[in-house]
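Visitor: take a look and give me a structure for this.
(chains A and B)
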Amino acid sequence: MINLKINNAEAKSPSSESKRVDSIGRVGLLILAAVCAFIAVLIAVFLLVESLPALYTYGLGIFSSTDWNPYIDRFGIFVFVVGSLWVSGFALIFALPLGLATSIFLAEYCPPSLRYSLRTAVELMAAIPSIVYGLWGFMVLVPWLRYSGEPFLRNNFGFIPFFSGEPQGYGVLAGSLLLAIMLLPTIVAISEDAFRMLPSTLREASMALGASKTETTFKIVLPAALPGIAAAVLLSLGRALGETMAVLMVTGNTMIIPKTLFDPTYVMTSVIANQLGYAFATPLYRSALFVVALALLIVSICFTATARILLRYAMKSRSFGI
Amino acid sequence: MSTKKFLDKVTYAVLLLLSLLVVIPFVLIVSNIAINGVGNLSIELITQLPSEMGLKGGILNAIVGTFYLIIIAAVVSVPLSVGAAIYISEYTRSGRVREMIEFMSDVLSGIPSIVFGAFGFTFFVYYMNMGISLLAGALTLAVMMIPTVLRATEESLKAVSRSLREASYALGATRWTTTWSITIRSALPGVITGILLAIGRIGGETAPLLFTAGYNIYLPTSLFDWTASLPFIIFIFTESPFSQLHAKAFAASFILVIIMLGINLTTKIISRRLSRGVVE
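Guide: Numbering: from 1, shown residues only, chains lettered A, B, ... in the order given. A predicted model of the protein is given here:
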């Protein structure tokens, strides 16, 4: 008994040398962690400071003014905000039903043999760089839309205001279709997790009451997974608003507020990518572009935070029992 | 067959069809890039520098440039993010500090890539006086890598069983020794997966490099040279009016896609091995 105590005492007191290493190491790692957190803060503060001159000069009216003319120092970013909303909104409208159906299929219906290959394919979609999507959009999608897709829609569905424009190829439709393809992996992955997180007792209880598989899936499982699906929507919308190269290459980058899906448009990320190089020598011009960047950052932080809260709520309230 | 069962079959068929519809664009895009890319591949393309405004010669400058950018970005960001992950998972209890660093890293991973580009251009290139350079481009990419590596390392450290650490403490090892000779070793495959994933994420990025690394028809010889990269040449070649350059853009895309899919499949294989190990 005594022996054991002595051993314990020895075990608990490492040599002073290794203790010193231990505490130095602790401080070193703390510094690394602090640097990581500091970088995020640095970026946010930096964007804020850089955008102050424009915000100070034009006030919040910069967001609602459509007058963008760098040569005479007029900077209103409303056109870009609208462009981003159009392209991202329609991308989500195209991608959400498909992505949701796929995630339901993967989580509830899919036989295991097919599941692995289908999941791998969707995951690999996310691995393709956005510039490659852009190249494909530029070389294949835009010409196809211009000469086949858009004329077809106009001739057959022209009575719908969205499809009544002049077919041009470059525009909202090209951007949102390409973006929809790029969003699918995000939507599928996150909402499939939302379904898989649910305890199987939920399904079993429903089946035991005589509900069919379809009834169980759409009346029990789907509503229960809603918080996770909402998180998927928010995160993919955040991705859509922030996507740069692919959208830049297919939307035509024209300073108009689109009225139909065929109209060209100019999104927030594109204006930074296209104009920051020229804007650099003019402080106010540069600052106006940083207002756009700051707006993107704030939206992205809000979406990230909300999605985090939603996912935590889903974890807490849904995954009881496992 | 009852109506309910019939309805189940119909739902199954519809969902299966929609799921296949999701994969179609992927197949279309990859096959298009593969067909156009393979046709334009040649030995000269990957072993020669461009000549005559890029119309002749190869794209070696971009291949080497991308390689340099990734290596330097990883060298800067891996120690930072692995260290930070070790700190929050081994040295803090779950609470404020951990929450905060996790949130910061989530924020970093949600920032649009062009915002990193604007930040890198103004901060590194201009204020830090690096100029458009290999270093500025690599540092911008390094910042983008942090969240992926950090979260992957943290997750794999969490997965290491507590008893392993306790056994080490019981033998008299300090936290430092335990972390470096026991915990991190068991977590290593997960950490490597995270690093590869992060490289997959930044290797194809164009927007952050537009104003930070630029283009160069030669190989960079110092950290302060302009540096070409595969995504960047795909962008400028695609938007150029010359069909020779379009052909090169397809070839470069093919090379990039192969690298990215290769990295992704490797991470899948590693993590599959890992989960099998856990089950055993």
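Visitor: leaving out sequence neighbours, find the closest residue to the residue nearest the centre of chain A.
Guide: By CA atoms, centre = their mean, chain A has its centre lying nearest to A:Arg239, at 1.9 Å. Counting by CB to CB, 6 or more residues apart in numbering or on different chains, A:Thr186 is the residue found nearest to A:Arg239 once chain neighbours are left out, at 5.9 Å. No exception for glycine: its C-beta is placed from N, CA and C like everyone else's.
Visitor: following the one helix or strand that neighbour maps to, which helix or strand comes up?
Guide: In this assignment (DSSP states H and E), A:Thr186 forms part of helix A:172-197. The C-terminal neighbour of helix A:172-197 among helices and strands, as given by DSSP H and E, is helix A:200-208.
Visitor: is chain B within reach of whatever helix or strand comes next after that next one?
Guide: Heading C-terminal from helix A:200-208, the first helix or strand you meet, by DSSP H and E, is helix A:213-215. Yes. Helix A:213-215 lies within reach of chain B by CB under 8 Å from any CB of the partner chain, at A:Lys213, A:Thr214, A:Glu215.
Visitor: so what's the first one up against?
Guide: Listed by CB atoms under 8 Å, 6 or more residues apart in numbering or on different chains, the contact set of A:Lys213 reads A:Glu108, A:Tyr109, A:Met207, B:Asp8, B:Thr11.
Visitor: and stretch B:245-259, does that touch chain A?
Guide: Yes. Using CB under 8 Å from any CB, stretch B:245-259 reaches chain A at B:His246, B:Ala249, B:Phe250, B:Ser253, B:Leu256, B:Val257.
Visitor: tell me how many other residues surround the closest residue to chain A within the stretch 151-280 of chain B.
Guide: Closest residue of the stretch 151-280 of chain B to chain A, CB to the nearest CB: B:Gly204 (2.4 Å). Neighbour count of B:Gly204, defined by other CB atoms under 10 Å in any protein chain shown: 26.
Visitor: for B:Met128, same thing?
Guide: 13.
Visitor: give me the element the nearest residue in space to A:Cys110 that is not next to it in sequence is part of.
Guide: Nearest residue to A:Cys110, sequence neighbours excluded (CB to CB, 6+ apart): A:Leu118, at 6.6 Å. Assigned by DSSP H and E, A:Leu118 belongs to helix A:112-127.
Visitor: output the contacting helices and strands for the next helix or strand after that helix.
Guide: Next helix or strand after helix A:112-127 toward the C-terminus (DSSP H and E): helix A:130-136. In this structure, helix A:130-136 packs against helix A:172-197, helix A:245-250, helix B:3-40, helix B:230-239, helix B:243-279, with contacts taken as 3 or more CB pairs under 8 Å, 6 or more residues apart in numbering or on different chains; DSSP states H and E.
Visitor: what is the mean pLDDT for the shortest one?
Guide: The predicted model assigns helix A:245-250 a mean pLDDT of 94.
Visitor: any low-confidence regions in the stretch 1-150 of chain B?
Guide: B:1 (pLDDT under 70).
Visitor: in it, which residue sits nearest chain A?
Guide: Closest approach between the stretch 1-150 of chain B and chain A, counting by CB to the nearest CB: B:Pro112, at 2.7 Å.
Visitor: excluding chain neighbours, what is closest to the residue of the stretch 151-300 of chain A found nearest chain B?
Guide: Closest contact between the stretch 151-300 of chain A and chain B, by CB to the nearest CB, is at A:Gly242 (2.7 Å). Nearest residue to A:Gly242, sequence neighbours excluded (CB to CB, 6+ apart): B:Pro112, at 2.7 Å.
Visitor: residue contacts, B:Gly200?
Guide: Contacts of B:Gly200 by CB under 8 Å, 6+ apart are A:Ala127, B:Met260, B:Ile263, B:Asn264, B:Thr267.
Visitor: sorry, that was for B:Ile101
Guide: B:Ile101 touches A:Ala33, A:Cys36, A:Ala37, B:Ala84, B:Ile88, B:Leu150, counting by CB under 8 Å, 6+ apart.
Visitor: thinking again about what came up before, so how far is B:Gly83 from the residue of the stretch 1-150 of chain B closest to chain A?
Guide: With distances taken as CB to CB, to the nearest Å, B:Pro112 is found 27 Å from B:Gly83.
Visitor: more crowded one of these two?
Guide: B:Pro112 (24 against 21).
Visitor: hang on, isn't that one packed against A:Leu296?
Guide: Yes. B:Pro112 lies in contact with A:Leu296 (CB atoms under 8 Å); the separation is 5.1 Å.
Visitor: who touches both of the two?
Guide: A:Leu241, A:Gly242, A:Thr269.
Visitor: what number of residues lie near the residue lying closest to B:Ala251 once chain neighbours are set aside?
Guide: Leaving aside its sequence neighbours, B:Ala251 sits nearest to B:Asn40 (CB to CB, 6+ apart; 4.0 Å). Neighbours of B:Asn40 under the rule other CB under 10 Å: 17.
Visitor: what of B:Lys5?
Guide: 12.
Visitor: same deal with A:Ala127?
Guide: 22.
Visitor: ok, now B:Ser31?
Guide: Neighbour number of B:Ser31 under other CB under 10 Å is 10.
Visitor: cool, A:Pro53 as well?
Guide: 16.
Visitor: is the helix or strand harbouring it anywhere near chain B?
Guide: Using DSSP H and E, A:Pro53 falls within helix A:16-58. Yes. Helix A:16-58 is in contact with chain B by CB under 8 Å from any CB, via A:18-19, A:21-22, A:25-26, A:28-30, A:32-33, A:35-37, A:39-44, A:46-47, A:50.
Visitor: report all helices and strands that that helix contacts.
Guide: Against helix A:16-58 (3+ CB pairs under 8 Å, 6+ apart) you get helix A:283-318, helix B:60-86, helix B:96-110, helix B:113-119, helix B:134-159, helix B:175-178.
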